[in-house]
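Undergrad: Here is a sequence together with a model predicted from it:
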Amino acid sequence: MYAPGDVRVIDAPDPQIEQPTDAVLRTVVACVCGSDLHPYHSMTPAPEGRAMGHEMIGVVEEVGAEVATVRPGDVVIVPFVWSCGVCDFCRAGLQTSCRIGGLAHAPHTGGAQATFRRAPLADGTLYRIDVDEHDDRMPGLLTLSDVYGTGWHAAVTGGVCPETTVTVIGDGAVGLLAVLSARRLGAERIILMGRHEARTDLGRRYGATDVVAERGEAGVDAVRSLTGGDGTHVVIDAVGHLPAFEQAMGVVRDGGRISRVGVPQYAEGPIGRDQFARNVTVTGGVAPVRAYIDELLPGILDGSVDAGAVFDTELPLDEAAEAYRRMDARESLKVLLRP
Ligand SMILES: [Zn+2]
Ligand SMILES: [Zn+2]
């Protein structure tokens, strides 16, 4: 990406092993993320361009001398954060805070929207799966590199259980998979706030019991009237813009939890006396998706969880610019890219 709206597919040098803990991957499937649309709107133009993409399944082509858990030919899920797998944060399941990988550590690895990519910290990061690269479950497996794990993180940190009512704000892939996750964690009442009908229909298939198309105050009123005036125990914000957070404050029940997984595009919000007086907890955050793969993979493999249905469009990698355009115009929910 070179500037807002300017996505090009170029011929870049092939990645090489740089550290003994690296692997080089060949992409099987990748995709465009809702968070890729933030720079698509607002990045500072960069003449050298910026490699894009952080969700992929790859085949290991080559490994560094110290890599022990994956070998050339292995098919691997690539979580969107690099992690060592052995530090205290990684062992606690918070790979996003890894002491040598994590979010703070962004070596030049190239993006996932590419034919080849270098993967640092291969042992801690890559998750080997016993499937063929041509397996038709690839779309579902790909959601484990980000969006399904992120939706799951939202529901888990929000404390969703059979006793909780839930509102999900946002009908993008993460919001819809948060609905699916809340259902899997036992919630029976799930209100989805979204206005794109094809998407909210998928939300209903995933377990939403009610859909509220209104936003702002009208949306808050609608959710409150569905819940006897109280709002829901858990509110998941899968959008990341301030109005969505304000909406979350409006529909959360006193004593409830707002779980944020949409990357916040704001630095200040309504966390003053109102939140204090109502005992509202704000939780969520960037999802350590690596920690959830063990738990979420079986449902994808046995076909009981159709997370891959969030991919409503597939394009060749060469048409990445069209993938961005379609997602930005909301013509596609999520675009899968194949080299
Ligand atoms: Zn993503
Ligand atoms: Zn670590």
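TA: That came through, no problem. Numbers count the residues shown, from 1 in each chain. Ligands and ions are numbered 1, 2, ... in the order given.

Undergrad: tell me which parts of the stretch 1-150 of the chain are close to ligand 1?
TA: Residues of the stretch 1-150 of the chain lying close to ligand 1 (Cβ under 5 Å from the ion) are 33, 146. All C-beta spots, glycine's among them, are computed from the backbone N, C-alpha and C.

Undergrad: Find the nearest non-adjacent residue to the residue in the stretch 1-150 of the chain positioned nearest to ligand 1, please.
TA: In the stretch 1-150 of the chain, the residue that lies nearest ligand 1 is residue 33 (2.9 Å; Cβ to the ion). Leaving aside its chain neighbours, residue 33 sits nearest to residue 55 (5.9 Å; criterion: Cβ to Cβ, 6 or more residues apart in numbering).

Undergrad: mind checking the SS state of the residue of the stretch 201-339 of the chain found nearest ligand 2?
TA: Scanning the stretch 201-339 of the chain for proximity to ligand 2 using Cβ to the ion identifies residue 290 as nearest, at 9.8 Å. Under DSSP: H, G, I helix; E, B strand; the rest coil, residue 290 falls in the helix class.

Undergrad: Give the burial count for the residue nearest to residue 33, as a bare number.
TA: Close neighbours of residue 55, defined as other Cβ atoms under 10 Å, add up to 28.

Undergrad: thought it was touching residue 28?
TA: No. Residue 55 lies out of contact with residue 28 (Cβ atoms under 8 Å); the separation is 11.8 Å.

Undergrad: Please name the residues that touch the residue nearest to the spatial centre of the chain.
TA: The centre of the chain sits closest to residue 147, judged by Cα atoms, centre = their mean, with a distance of 2.8 Å. Contact analysis of residue 147 by Cβ atoms under 8 Å, 6 or more residues apart in numbering lists 33, 55, 173, 174, 177, 307, 310, 334.

Undergrad: what about burial for those residues, which qualify?
TA: Buried members of these, scored by 16 or more other Cβ atoms under 10 Å, are 33, 55, 173, 174, 177, 307, 310, 334.

Undergrad: Looking at those, which one is closest to residue 49?
TA: residue 33 (18.0 Å; Cβ to Cβ).

Undergrad: how about that closest one, what does it touch?
TA: Neighbours of residue 33 in contact, by Cβ under 8 Å, 6+ apart: 53, 54, 55, 146, 147.

Undergrad: which one of those is nearest residue 100?
TA: Nearest to residue 100 among those, with distances taken as Cβ to Cβ, is residue 54, at 18.3 Å.

Undergrad: okay, now the closest one: neighbour count?
TA: Residues near residue 54, counting by other Cβ under 10 Å: 20.

Undergrad: Going forward, count from 48.
TA: Let's use 48 as the start, then, which means that last one is residue 101.

Undergrad: show me what contacts it?
TA: Residue 101 sits next to 80, 127, 158, 159, 192, 193 when contact means Cβ under 8 Å, 6+ apart.

Undergrad: residues contacting the closest residue to residue 255 other than its chain neighbours?
TA: Of all residues not flanking residue 255 in the chain, residue 239 sits nearest, at 3.9 Å (Cβ to Cβ, 6+ apart). The neighbourhood of residue 239, defined by Cβ under 8 Å, 6+ apart, consists of 214-215, 218, 222-223, 226, 247, 250-251, 255, 257-259.

Undergrad: repeat for residue 375
TA: Taking Cβ under 8 Å, 6+ apart as the test, what residue 375 contacts is 84, 87, 88.

Undergrad: Could you pull up phi and psi at it?
TA: Dihedral pair for residue 375: phi -60, psi -40, per degrees, to the nearest 10.

Undergrad: Quick check: the gap between it and residue 230.
TA: Plainly put, residue 375 is 29 Å away from residue 230 if you go by Cβ to Cβ, to the nearest Å.

Undergrad: Buried ones from the contacts of residue 239, can you make that a ChimeraX selection?
TA: Provided next is the ChimeraX selection string for whichever of the contacts of residue 239 are buried by 16+ other Cβ under 10 Å:
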select :214,215,218,222,223,226,247,250,255,257,258,259
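
Undergrad: Turn the contacts of residue 239 into a markdown table, columns for secondary structure.
TA: What follows is these, written out as a markdown table (three-state DSSP):
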| residue | secondary structure |
| --- | --- |
| 214 | strand |
| 215 | strand |
| 218 | coil |
| 222 | helix |
| 223 | helix |
| 226 | helix |
| 247 | helix |
| 250 | helix |
| 251 | helix |
| 255 | coil |
| 257 | strand |
| 258 | strand |
| 259 | strand |
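
Undergrad: Of the contacts of residue 239, which fall within the contact range of ligand 1?
TA: With Cβ under 5 Å from the ion as the criterion, these include none near ligand 1.

Undergrad: Serialize the contacts of residue 101 to TSV and add fields for secondary structure and pLDDT.
TA: Putting these into TSV (DSSP: H, G, I helix; E, B strand; the rest coil; pLDDT from 0 to 100) gives the following:
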residue	secondary structure	pLDDT
80	coil	95
127	coil	94
158	coil	92
159	coil	95
192	helix	97
193	coil	97
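
Undergrad: For residue 199, give me its contacts.
TA: The contact partners of residue 199, taken as Cβ under 8 Å, 6+ apart, are 224, 225, 228, 334, 339, 342, 343.
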